[in-house]
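Participant: sequence and computational prediction follow.
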Amino acid sequence: MRVRPTIRIVHQDAHLLVLEKPVGLATTAPEGGESLFELARSLDPRAPALHPLSRLDTQVSGLVTFARTSQGNHAAIAARRAGKLRRAYLGLCHPAPASPEGEWREAIGIDPRDPTRRRALPADTKGPAVKAAHTIYRVHALAGPLCALDLFPRTGRTHQLRVHASAAGSPLLGDVAYGGEKRLTLPNGRILTAGRVMLHCGAFRMPDPAKPSATLTLSLPPPDDLATLWRSAGGDPAALVLALT
């Protein structure tokens, strides 16, 4: 019998529930099965209207925020429209982008070869299944062949960060669906292996639903697998601290 994963509550108040999603667990499972949403309901059975405000891919770790009430959900929608709901991600890629900082504005469309995947398209592309997308990026640090990227999505499209990084020629390590390598060889011959997509949602900020004049800011360090891979490449995991823009 499979043991249910232990889920840590990062923050809980009258209107919001923020959980740490582990790797290997879907945020939602529309067709049934285990998901973070299912576990959130068991952790917070008295929530009047539990609703996920974000979704992370199964292979991605980090902060997932749920509205516990209609007020919390409406506050998040208003914050998103006003550009006041922010998330920051940390990704390990190879190679580094050509420019140390910038933005990616390719549109995101469904890959005709596989409807579960997405593809980058010119920003002005129009179509019923094409969505505008915007990501701000910044090189955080370098360690051997690895580049740590700070990623700030301004839209929330399916696989957006993964597709944008790949289209820029800097696919995320372990993201084989979008051209990322599972293994890299260091100059000393040591092989680095990524068992999943090296992407982590490490920071979140939005106006407090109960006190709109106040701001809720949360952060979460990267999990052990990402930190260990960075250390193996010669980097200092303590330096992988995200700052929201």
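Facilitator: Now that the structure is in, tell me what you want to look at. Numbers count the residues shown, from 1 in each chain.
Participant: residues of stretch 15-28 that come out buried?
Facilitator: Under the neighbour-count criterion of 16 or more other C-beta atoms under 10 Å, stretch 15-28 has 15-21, 23, 25-27 buried. For glycine as for every other residue, the C-beta is placed from the backbone atoms N, C-alpha and C.
Participant: from these, pick the one nearest residue 5.
Facilitator: Using C-beta to C-beta, residue 25 comes nearest to residue 5 of the buried residues of stretch 15-28, at 5.9 Å.
Participant: isn't that closest one right up against residue 34?
Facilitator: Yes. Between residue 25 and residue 34 there is a contact under C-beta atoms under 8 Å: 6.9 Å.
Participant: and the residue lying closest to residue 15 once chain neighbours are set aside, its phi and psi?
Facilitator: Using C-beta to C-beta, 6 or more residues apart in numbering and skipping the chain neighbours, the partner closest in space to residue 15 is residue 72 (3.2 Å). Backbone torsions for residue 72, taken as degrees, to the nearest 10, come to phi -60, psi -40.
Participant: spit out the contact partners of residue 72.
Facilitator: Residue 72 sits next to 14-16, 209 when contact means C-beta atoms under 8 Å, 6 or more residues apart in numbering.
Participant: what pLDDT does it get?
Facilitator: pLDDT, residue 72: 96.
Participant: just residue 115 next, same as before
Facilitator: Per the predicted model, pLDDT is 94 at residue 115.
Participant: and residue 105, by the same measure?
Facilitator: 98.
Participant: isn't residue 181 right up against residue 173?
Facilitator: Yes. Assessed by C-beta under 8 Å, residue 181 is found in contact with residue 173 at 6.3 Å.
Participant: who touches both of the two?
Facilitator: When contacts are counted by C-beta under 8 Å, 6+ apart, residue 181 and residue 173 have 94, 194 as shared neighbours.
Participant: looking at the two, which is more packed in?
Facilitator: A direct count of neighbours by other C-beta atoms under 10 Å for residue 181 and residue 173 places residue 173 higher, at 28 against 18.
Participant: what's the spacing between the more buried one and residue 179?
Facilitator: Residue 173 sits 11 Å away from residue 179, going by C-beta to C-beta, to the nearest Å.
Participant: do the same with residue 77
Facilitator: 34 Å.
Participant: same thing with residue 160?
Facilitator: Distance from residue 160 to residue 179, by C-beta to C-beta: 16 Å.
Participant: settle it for me: which of these two has more neighbours?
Facilitator: residue 160 (22 against 14).
Participant: which pLDDT does the model give the more buried one?
Facilitator: Listed pLDDT for residue 160 reads 98.
Participant: chain center to the least confident helix or strand in the chain by mean pLDDT, what's the gap?
Facilitator: Within the chain, confidence by mean pLDDT, DSSP states H and E is lowest for strand 211-219 among all helices and strands, at a mean of 91. Relative to the centre of its chain, strand 211-219 is centred 20 Å away, using C-alpha atoms, centre = their mean, to the nearest Å.
Participant: next SSE downstream of that strand?
Facilitator: Next helix or strand after strand 211-219 toward the C-terminus (DSSP states H and E): helix 224-232.
Participant: buried residues, that following helix. List them.
Facilitator: Within helix 224-232, the residues that count as buried by 16+ other C-beta under 10 Å are 225-227, 229-230, 232.
Participant: what sits up against that helix?
Facilitator: If you take C-beta under 8 Å, 6+ apart as the criterion, helix 224-232 is touched by 23, 61, 90, 92, 143, 146, 148, 173, 186, 190, 192, 194-196, 198, 200, 221-222, 236-237, 240.
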